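Q: The following block contains a protein sequence and its predicted model.
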Amino acid sequence: MADTGLTGRVAVVTGAAGGIGRAIVAALCAEGVLVAAADLDEQAVRGMAADDACGGRVLGVRMDITDTSSVRAALAQAEAELGPVHILVNNAGIDKVEPFVESTEDTWRRIVEVNLLGTVICTRAVLDGMLGRGSGRIICIASDAGKVGSSGEVVYSGTKGGIIAFVKALARETARASVTVNCVCPGPTDTALLDQVAEYSQKMYDAIVRAVPLRRIGQPSDIAPAVVFLASDAAGYITGQALSISGGLTMS
């Protein structure tokens, strides 16, 4: 296996208790990365830290990505126990699947606050250190919904499109400091969010499965290797990109 150059580096993964987050943490650990697994569910991420499969490479930290003080406190803990953060994976996100005309302003605000503003807050919190060291990897988990839109996920699609634009703009500002900024855009993936789609409309869920050229729903383990690649030395010349992982559902 080729050396990824990741051994001994420190990563922070937000939303680490969820399906994709857990897969990302496990994949990074397998490459020798020390990972701060951050989530509102502190008990869950502390359990991940105790998992023998992680080989003692995981630190579970509580983090509310919508609260700057909480983010900075969690990062301070991570750096004190693991070292300077080389990699940030903005994975945390929420949605509520429903027609836009039936959604409420409280729901809109919460989705924007978590998905878009939370990504901005976490990114800003690690950026000074990365710029000062002249290296870093920022990887945001967006969605193909942010590229093409998704019925029943109007505001969610807007936030994911915002993340893609944020990544492209920030990548231009940080390139001279050798800090790369990219995003991974999953298509339909077997997570709690996709369960919401099935609950909302089994017909819609079945149509999604039929529309995927590879004829299956993605798994969190399909997403994690792309994150590892973008974090690795092999991706040092890649920045400002939005990589779709959708079984061919979207091709761009």
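A: Perfect, I can see it now.

Q: how far away is residue 197 from residue 60?
A: Using C-beta to C-beta, to the nearest Å, residue 197 is found at 29 Å from residue 60. Quick note: C-beta positions are derived from backbone N, CA and C, even for glycine.

Q: Those two: which is more packed in?
A: More neighbours surround residue 60 than the other of residue 197 and residue 60, with 22 against 19 (other C-beta atoms under 10 Å).

Q: so what's the more buried one closest to, chain neighbours aside?
A: Using C-beta to C-beta, 6 or more residues apart in numbering and skipping the chain neighbours, the partner closest in space to residue 60 is residue 45 (3.4 Å).

Q: what ranges do the helices span in the stretch 101-250 of the chain?
A: Assigned by DSSP state H, counting those that start in this stretch, the helices in the stretch 101-250 of the chain fall at 105-111, 118-133, 145-148, 154-174, 192-200, 202-211, 220-231.

Q: Kindly export the shortest one (C-alpha atoms) in CSV.
A: If I follow you right, that is helix 145-148. Output in CSV follows, covering the C-alpha atoms of helix 145-148 (Å, rounded to 0.1, in the frame of the first residue of the first chain):
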residue,chain,number,x,y,z
ALA,A,145,-28.1,18.0,-3.5
GLY,A,146,-26.0,21.2,-3.5
LYS,A,147,-25.2,20.7,-7.1
VAL,A,148,-28.5,19.6,-8.6
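
Q: Quick one: list the elements packing against that helix.
A: The contact analysis (3 or more C-beta pairs under 8 Å, 6 or more residues apart in numbering; DSSP states H and E) places helix 145-148 against helix 154-174, strand 242-245.

Q: how about TSV for these, with distance to residue 32 and mean pLDDT added?
A: Shown next, in TSV, are the helices and strands packed on helix 145-148 (distance: least, C-beta to C-beta, whole Å; pLDDT from 0 to 100):
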stretch	distance to residue 32	mean pLDDT
helix 154-174	25	98
strand 242-245	23	96
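
Q: Could you provide those in JSON lines, with additional columns for distance to residue 118 and mean neighbour count?
A: Below are the helices and strands packed on helix 145-148 laid out as JSON lines (distance: least, C-beta to C-beta, whole Å; neighbours: other C-beta atoms under 10 Å):
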{"stretch": "helix 154-174", "distance to residue 118": "10", "mean neighbour count": "19"}
{"stretch": "strand 242-245", "distance to residue 118": "18", "mean neighbour count": "20"}
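
Q: mean pLDDT for the helices of the stretch 101-250 of the chain: which is lowest?
A: Ranked by mean pLDDT, those end with helix 192-200 at the bottom, a mean of 75.

Q: what packs against that helix?
A: Where contact means 3+ C-beta pairs under 8 Å, 6+ apart, helix 192-200 is packed against helix 202-211.

Q: Provide the contact partners of the helix it packs on at residue level.
A: 151-152, 188, 194, 197-198, 215-217, 249 (C-beta atoms under 8 Å, 6 or more residues apart in numbering).

Q: what angle do that helix and helix 192-200 make?
A: Interaxial angle of helix 202-211 relative to helix 192-200 (axes from the mean of the first three to the mean of the last three C-alpha atoms, to 10 degrees): 130 degrees.
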